[in-house]
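**Q** The following comprises the amino acid sequence and a computationally predicted model.
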Amino acid sequence: MTDHSCSRPITLHVNGLKYAGHAEPRVNLADFLRSDLKLTGTHVGCEHGVCGACTVLVDGYSARSCLMLAVQAQGSEIRTVEGLATDGVLDILQACFHKHHALQCGFCTAGILMSATELLAANSEPDESIVRDVLSGHICRCTGYQNIVAAILDAASQLRERASDAGNN
Ligand code: FES
Ligand code: FES
């Protein structure tokens, strides 16, 4: 039986599902997601806010989950990379990463996808410099970034087309 003597009650929504349980006050959100909720798509690299691998969305805004305590997420809506696809079908951004070969080892990819998701929700027509500005918060050791930029710009274009099609129907 789990000893909750040092733990705090915590309730949050992760990818639309409610979680109510306990978290130790010292546990960061990244470790909580990975160890307690078994959502291992969120990666941990530097553990001090530099590499961006651990980025998730908290109430719609990107956050370094290695720098946030799980208990600070009390009551929040968390979105992780596992929440992007629907019924196993990649979302447009993920599909564009696949199309443009925008990853190699994939270690940085979950964090980049979450920051790009935030960007595309706020700005339907980002230019390359804005995309590169967002990517400046992420360290990728494999790709050289060019294909990542291409994938995000392609996704922005496809999302605009979809919105336009929806508006015409
Ligand atoms: Fe959080 Fe690197 S693991 S920023
Ligand atoms: Fe390997 Fe980015 S794809 S670190």
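**A** Sure, I can see it. Ligands and ions are numbered 1, 2, ... in the order given.
**Q** Next up, the contacts around residue 152.
**A** Residues near residue 152 by CB atoms under 8 Å, 6 or more residues apart in numbering: 93, 96, 116, 119, 120, 126, 131, 134. For glycine as for every other residue, the C-beta is placed from the backbone atoms N, C-alpha and C.
**Q** which SS class is the second one?
**A** Going back to what we said before, that points to residue 96. helix (DSSP: H, G, I helix; E, B strand; the rest coil).
**Q** before we move on, back to that, dump the contacts of residue 152 to TSV, plus neighbour count.
**A** Formatted as TSV, those follow (neighbours: other CB atoms under 10 Å):
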residue	neighbour count
93	24
96	24
116	27
119	21
120	20
126	19
131	23
134	20
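**Q** so can I have JSON lines of the residues you listed showing secondary structure and pLDDT?
**A** Shown next, in JSON lines, are the contacts of residue 152 (DSSP: H, G, I helix; E, B strand; the rest coil; pLDDT from 0 to 100):
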{"residue": "93", "secondary structure": "helix", "pLDDT": "98"}
{"residue": "96", "secondary structure": "helix", "pLDDT": "98"}
{"residue": "116", "secondary structure": "helix", "pLDDT": "98"}
{"residue": "119", "secondary structure": "helix", "pLDDT": "98"}
{"residue": "120", "secondary structure": "helix", "pLDDT": "98"}
{"residue": "126", "secondary structure": "coil", "pLDDT": "98"}
{"residue": "131", "secondary structure": "helix", "pLDDT": "98"}
{"residue": "134", "secondary structure": "helix", "pLDDT": "98"}
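**Q** what's the most distant pair in these?
**A** Across those, no pair lies farther apart than 96 and 134, at 14.8 Å, counting by CB to CB.
**Q** returning to that earlier point: wait, which of the contacts of residue 152 is closest to ligand 1?
**A** residue 134 (14.4 Å; CB to the nearest ligand atom).
**Q** got the buried residues for stretch 152-169?
**A** 152, 153, 154, 155, 156, 159 (16 or more other CB atoms under 10 Å).
**Q** Spatially, and excluding backbone neighbours, which residue is closest to residue 9.
**A** Using CB to CB, 6 or more residues apart in numbering and skipping the chain neighbours, the partner closest in space to residue 9 is residue 22 (5.9 Å).
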